[in-house]
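*Asks:* Sharing a model prediction with you, sequence too.
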Amino acid sequence: MMLADGIWHQIFAFDNYGELLALVRNSLIAGAALGLVGGLAGVFVTMRDLPFAVHGISELSFAGASAALLMGVNIVAGSIVGSLLAAGAIGVLGARARDRNSVIGILMPFGLGLGVLFLALYKGRAANKFGLLTGQIVAVDTPEMTWLLGTSALVLVVLTLIWRPLSFASADPDVAEARGVPVRALSFVFMLLLGLTVALSVQVVGALLVLTLIVTPAAAAARVTASPILLPVLSVVFAVASIEGGILLALGSSVPISPYVTTISFAIYVGCRLVGRYRTRRWGSRGVVPQPA
Amino acid sequence: MAPVPQARRSQDGTSGDTAPLLSLRGAAVSYGQRLVWQGLDLDLRPGEFLAVLGPNGSGKSSLVRALLGRQPLSAGTLTVLGRAAHKGGRHIGYVPQQAALSAQAMVRARDLVRFGMDGHRFGPWRRTEAVRRRVDDVLASVGASAYADVPVGMLSGGERQRVRIGQALATDPRILLCDEPLLSLDLNHQRAITELVDARRRSHGTGVVFVTHEINPVLGMADRVLYLARGGHRIGTPDEVLSSQSLSQLYGTQVDVVRVRGRVVVVGAPDEVAAPPHHPGHETTGTTGSHTSDGVRP
């Protein structure tokens, strides 16, 4: 009983909550920006079937961040450089789905290996190392905030400008190309935006768990709606709820933030699947067997 | 849907109803050493229904790609509405071969049609009432209103093709280019889809290029047939092209064309026209019967 209480207290602790809250104000703001960008990018990740690419990019982003940590330069910048290199490589080498997966499969262990090397050479605080993989909440200082918000704003603006043709190209590439949509260029631009988004997510949830912010919310939203407006809105709401909820729960405890974020995100997904069953039944009653996607 | 305004026709550099929509002169396509087809001379007139037939690998897809401006000709010229073929023309409505879309569950029928209208425009989303009404009109015109809000992935093959045709017609195109739109549809749906296309060309004078490897569903509608095989081709009325003599010449072997109860049956053609349809979503481009003697395939 004592032991169970001890573990419980490690996971959920709300002593001196008000003071702690002030400490993570930056993280809450960064989390909101991240939820917004991640939720929107996730819509296209799901449409274009890119979850594996997200994971691959995050490993190289991790390598970039750990290199920056070792060299004592801005970690967000390092993370962004790693991400963009990976996203660019995947965009150039993996235009077709089959090639893409092998390119990612080759890049990913290489990135992770580099990251481990840099961390092994780094002599600073161990918490910094661990944080890059599993996330941290008090790590966001003011210069990093500027990077985070600036990059989020950039992704947001570009995404808004290309939203419609990117949706067309993602959902229906053949006809989009016939209508003169620059399908390949858009695909490459989106990979770069995805790289930036991943680099941001690594700062908060860590490299291993980026999928929970960029894929799960959009996949959950897609279970309950196919509306081109409601889908991104729900995806953003789910992403923001997961990350802010995760930060608030993780605050007083000694456990990293990521299990809270992933659990909330997963619970939302399960809930959406249950709701989605009603929706399938409604349309299924037209006597049509849904085709596997 | 509103009829095509006469004013727009003259803007396209064509005059009146008799100028060809499409014009191929001495056209050829080759991939490296392999010549797919050559010496193709063809005009598509307004309201004309051209069926494009041929076995796998005979260059039907290359023709589609060329018309869409995605495949450069290795010889000859191709003009679409008086201009060289180019990508992005709103005057060609394109119904692609059925393929599994990874985003099927995330796009509704009405979204697919809307993409056909303004999906290529950059900039923030402008959801105007006029566009929404137009989408509704298009869906109604192809009989797809009942499932306008259903994700495309949950539609049956026939329903999806109706939506596809709606998407292709969304811009009031002068030419409708359909690439194997009848694949994996049952007879009722085949008839429904072909009648939809037929009605459109009669009411709007839309020229139709209909690629198919099953002639019978469009036999009553096709004004002309372009039959591609073995690097050669035949163009003419269905009766001219679909004869034992014409196809035997084309294939260089004895081919019998038999007419039974209003249907055309081609016997003896290598990888013949009546080959069983592919299943969509699989890349079964190389499916060949055991009797196939030519291995032509890009």
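*Replies:* Structure's in. What do you need?
*Asks:* now B:I165: how far from B:C178?
*Replies:* 8 Å (C-beta to C-beta, to the nearest Å). Using the backbone N, CA and C atoms, a C-beta is placed for each residue, glycine as well.
*Asks:* intersection of neighbour lists for these two?
*Replies:* Residues touching both B:I165 and B:C178 (C-beta atoms under 8 Å, 6 or more residues apart in numbering or on different chains): B:V95, B:V197.
*Asks:* Which secondary structure element is home to B:N188?
*Replies:* Element membership for B:N188 (DSSP states H and E) is helix B:187-204.
*Asks:* again with B:R70
*Replies:* Applying DSSP H and E, one finds B:R70 in no helix or strand.
*Asks:* Could you count how many residues lie near the closest residue to it other than its chain neighbours?
*Replies:* What sits nearest to B:R70 in space, not counting adjacent residues and going by C-beta to C-beta, 6 or more residues apart in numbering or on different chains, is B:K87, at 6.6 Å. When neighbours are counted by other C-beta atoms under 10 Å in any protein chain shown, B:K87 registers 14.
*Asks:* Name the SS class of B:K87, please.
*Replies:* Following DSSP: H, G, I helix; E, B strand; the rest coil, B:K87 is assigned to coil.
*Asks:* Dihedrals phi and psi, the residue lying closest to A:L230 once chain neighbours are set aside?
*Replies:* Nearest-residue entry for A:L230: A:A221, 7.7 Å, with adjacent residues in sequence omitted and distances by C-beta to C-beta, 6+ apart. Per-residue torsions, A:A221: phi -60, psi -40 (degrees, to the nearest 10).
*Asks:* Just the mean pLDDT for stretch B:158-175, thanks.
*Replies:* Averaging pLDDT along stretch B:158-175 gives 92.
*Asks:* roughly how far is it from the heart of the chain?
*Replies:* 11 Å (C-alpha atoms, centre = their mean, to the nearest Å).
*Asks:* who touches the closest residue to chain A within the stretch 1-150 of chain B in this structure?
*Replies:* Per C-beta to the nearest C-beta, B:G88 is where the stretch 1-150 of chain B lies closest to chain A, at 1.9 Å. Neighbouring residues of B:G88 by C-beta under 8 Å, 6+ apart: A:A178, A:R179, A:G180, A:V181, B:G69, B:H120.
*Asks:* so which of these would you say is closest to B:L250?
*Replies:* B:G69 (27.9 Å; C-beta to C-beta).
*Asks:* Let me know whether the closest one touches B:R83 as I believe.
*Replies:* No: at 9.9 Å, B:G69 and B:R83 do not qualify as touching, with contact defined as C-beta atoms under 8 Å.
*Asks:* higher neighbour count, the two?
*Replies:* B:G69 (20 against 13).
*Asks:* just the helices in the stretch 51-200 of chain B please.
*Replies:* Ranges of helices in the stretch 51-200 of chain B, per DSSP state H, counting those that start in this stretch, are B:60-67, B:109-118, B:129-141, B:157-169, B:187-204.
*Asks:* State the number of residues packed around whichever residue of the stretch 101-250 of chain A sits closest to chain B.
*Replies:* Closest residue of the stretch 101-250 of chain A to chain B, C-beta to the nearest C-beta: A:G180 (1.9 Å). Using other C-beta under 10 Å, A:G180 is surrounded by 16 other residues.
*Asks:* And for it, nearest residue in space, chain neighbours not counted?
*Replies:* B:G88 (1.9 Å).
*Asks:* Quick check: phi and psi on that neighbour?
*Replies:* Per degrees, to the nearest 10, the backbone of B:G88 is at phi 80, psi 10.
*Asks:* Could you point out which residue ranges in the chain have low pLDDT?
*Replies:* In the absence of a named chain, chain A is used. Scanning chain A with the threshold set as pLDDT under 70 gives A:1-3, A:95, A:126-128, A:137-140, A:282-293.
*Asks:* that's the wrong chain, I wanted chain B
*Replies:* B:1-17, B:125-127, B:271-298.
*Asks:* returning to what we had before: how far away is the residue of the stretch 1-150 of chain B closest to chain A from A:V183?
*Replies:* B:G88 is 11 Å from A:V183, by C-beta to C-beta.
*Asks:* bridging residues for B:I235?
*Replies:* Beta-bridge pairing for B:I235 (DSSP bridges): B:L226.
*Asks:* So it sits against B:G39, correct?
*Replies:* No: with contact defined as C-beta under 8 Å, B:I235 does not count as touching B:G39 (10.8 Å).
*Asks:* State the next helix or strand along the chain beyond the strand or helix carrying A:D174.
*Replies:* Assigned by DSSP H and E, A:D174 belongs to helix A:173-178. Next along the chain after helix A:173-178, taking DSSP H and E as the criterion, comes helix A:183-205.
*Asks:* How far off centre is that following helix?
*Replies:* 9 Å.
*Asks:* can that helix be found next to chain B?
*Replies:* No: counting by C-beta under 8 Å from any C-beta of the partner chain, chain B is not contacted by helix A:183-205; separation bottoms out at 9.7 Å.
*Asks:* just the CA coordinates of that helix, formatted as CSV?
*Replies:* Output in CSV follows, covering the C-alpha atoms of helix A:183-205 (Å, rounded to 0.1, in the frame of the first residue of the first chain):
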residue,chain,number,x,y,z
VAL,A,183,2.0,18.2,-57.1
ARG,A,184,5.7,17.5,-56.7
ALA,A,185,6.8,20.9,-55.6
LEU,A,186,3.9,21.0,-53.1
SER,A,187,5.0,17.6,-51.8
PHE,A,188,8.5,18.8,-51.3
VAL,A,189,7.4,22.1,-49.6
PHE,A,190,5.2,20.1,-47.3
MET,A,191,8.1,17.8,-46.3
LEU,A,192,10.0,20.9,-45.3
LEU,A,193,7.1,22.2,-43.3
LEU,A,194,6.8,18.8,-41.7
GLY,A,195,10.5,19.0,-40.8
LEU,A,196,10.0,22.3,-39.0
THR,A,197,7.0,21.0,-37.2
VAL,A,198,8.8,17.9,-36.1
ALA,A,199,11.7,19.9,-34.8
LEU,A,200,9.4,22.0,-32.7
SER,A,201,7.6,18.9,-31.3
VAL,A,202,11.0,17.3,-30.3
GLN,A,203,11.5,20.2,-27.9
VAL,A,204,8.4,19.4,-25.9
VAL,A,205,7.5,15.7,-26.3
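*Asks:* buried residues in that helix?
*Replies:* Neighbour counts using 16 or more other C-beta atoms under 10 Å in any protein chain shown place A:183, A:186-205 of helix A:183-205 among the buried residues.
*Asks:* Which other helices and strands does the helix or strand that comes right after it contact?
*Replies:* Using DSSP H and E, the helix or strand that follows helix A:183-205 towards the C-terminus is helix A:211-214. Contacts defined by 3 or more C-beta pairs under 8 Å, 6 or more residues apart in numbering or on different chains; DSSP states H and E place helix A:211-214 against helix A:25-47, helix A:51-71, helix A:183-205, helix A:230-250, helix A:258-284.
*Asks:* distance between helix A:211-214 and the chain's centre?
*Replies:* 4 Å.
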